[in-house]
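A.B. asks: would you be able to build a 3D model of this:
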Amino acid sequence: MKKNIFILSIMVMIVSVFTGCSSFKSKKISNSEDIAAIMENVAAHFPNDNLLHIDITADDHLSDKLGMIQVFYYDNNKVYLQTYIADLSNWGDPSKSPFHGIKNDAEKPNRLKKASDFNFDNVQELVNKAIAFIEENTDEFEGFKLYSIEQGSKSNGEMETEFVLNATKKGEGTTREGRNIVTTYYEFEFVANEQGEVIYQE
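C.D. replies: Numbers count the residues shown, from 1 in each chain. Predicted coordinates:
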């Protein structure tokens, strides 16, 4: 568990309106139907079987609304990253990435996947198992939100899922520091295998 500080600045903001796929901004990454719709977007943008890792993140630390999708894929013997920003409703330009690389050619058949191979259908079940685990060990926390969930292929071809739940501590509330509202939140990291077994990462 990690303790963090979330600061919300109070200010007047000018919001630009973008067209196309704007509905994804309201999708919840903890909802199985919503995340299925998010993955349809990914599949449409990445039709080939060259994907390595997908990371889906909320728009802030105490929210589960979609903020960003990061897709790592393999092309011309290099790993590339392309990011979808929900606020902008579009995919950014790809860039080379040092993460989730393939060590040797023998790994390629197991590592390279299609978008349909990534399965987040059990996201609600994973979140419920994780919350149950936390509450079995302590009753200090509340307001659990799925902040991020990511899935990638291992060298043996199996898919591994990692996700982060954030929560607040009961009775702590928020404080105001000048123009900022400050909230302390607590981060819980978990790993799940293809069988849906959830393991807490200390």
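
A.B. asks: just the pLDDT for residue 7.
C.D. replies: On pLDDT, residue 7 comes in at 39.

A.B. asks: again, but for the one 5 residues further on
C.D. replies: At residue 12, the pLDDT value in this model is 35.

A.B. asks: report back the residue of this protein that's furthest from centre.
C.D. replies: Here the chain has its C-alpha centre computed as a mean, and the residue farthest from that point, by Cα atoms, centre = their mean, is residue 178 with 31.4 Å.

A.B. asks: any idea how far residue 82 is from residue 128?
C.D. replies: Going from residue 82 to residue 128 by Cβ to Cβ, to the nearest Å gives 31 Å. No exception for glycine: its C-beta is placed from N, CA and C like everyone else's.

A.B. asks: in the chain, which spans are strands?
C.D. replies: All strands of the chain, identified by DSSP state E, fall at 2-9, 51-58, 66-75, 78-85, 90-91, 95-96, 141-153, 159-169, 174-177, 180-192, 198-201.

A.B. asks: can I get the ones you listed in JSON lines with distance to residue 116 and mean neighbour count?
C.D. replies: Putting those into JSON lines (distance: least, Cβ to Cβ, whole Å; neighbours: other Cβ atoms under 10 Å) gives the following:
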{"stretch": "strand 2-9", "distance to residue 116": "33", "mean neighbour count": "11"}
{"stretch": "strand 51-58", "distance to residue 116": "10", "mean neighbour count": "22"}
{"stretch": "strand 66-75", "distance to residue 116": "14", "mean neighbour count": "20"}
{"stretch": "strand 78-85", "distance to residue 116": "18", "mean neighbour count": "17"}
{"stretch": "strand 90-91", "distance to residue 116": "19", "mean neighbour count": "16"}
{"stretch": "strand 95-96", "distance to residue 116": "25", "mean neighbour count": "9"}
{"stretch": "strand 141-153", "distance to residue 116": "12", "mean neighbour count": "20"}
{"stretch": "strand 159-169", "distance to residue 116": "12", "mean neighbour count": "20"}
{"stretch": "strand 174-177", "distance to residue 116": "42", "mean neighbour count": "10"}
{"stretch": "strand 180-192", "distance to residue 116": "19", "mean neighbour count": "17"}
{"stretch": "strand 198-201", "distance to residue 116": "23", "mean neighbour count": "13"}
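
A.B. asks: which of the ones you listed comes out lowest on mean pLDDT?
C.D. replies: Comparing mean pLDDT across the strands of the chain, the weakest is strand 2-9, with a mean of 50.

A.B. asks: report the contact partners of residue 75.
C.D. replies: residue 50 (Cβ atoms under 8 Å, 6 or more residues apart in numbering).

A.B. asks: and it, bridged to which residues?
C.D. replies: residue 78 (DSSP bridges).

A.B. asks: and what of residue 177?
C.D. replies: With DSSP bridges applied, residue 177 shows beta-bridge pairing to residue 180.
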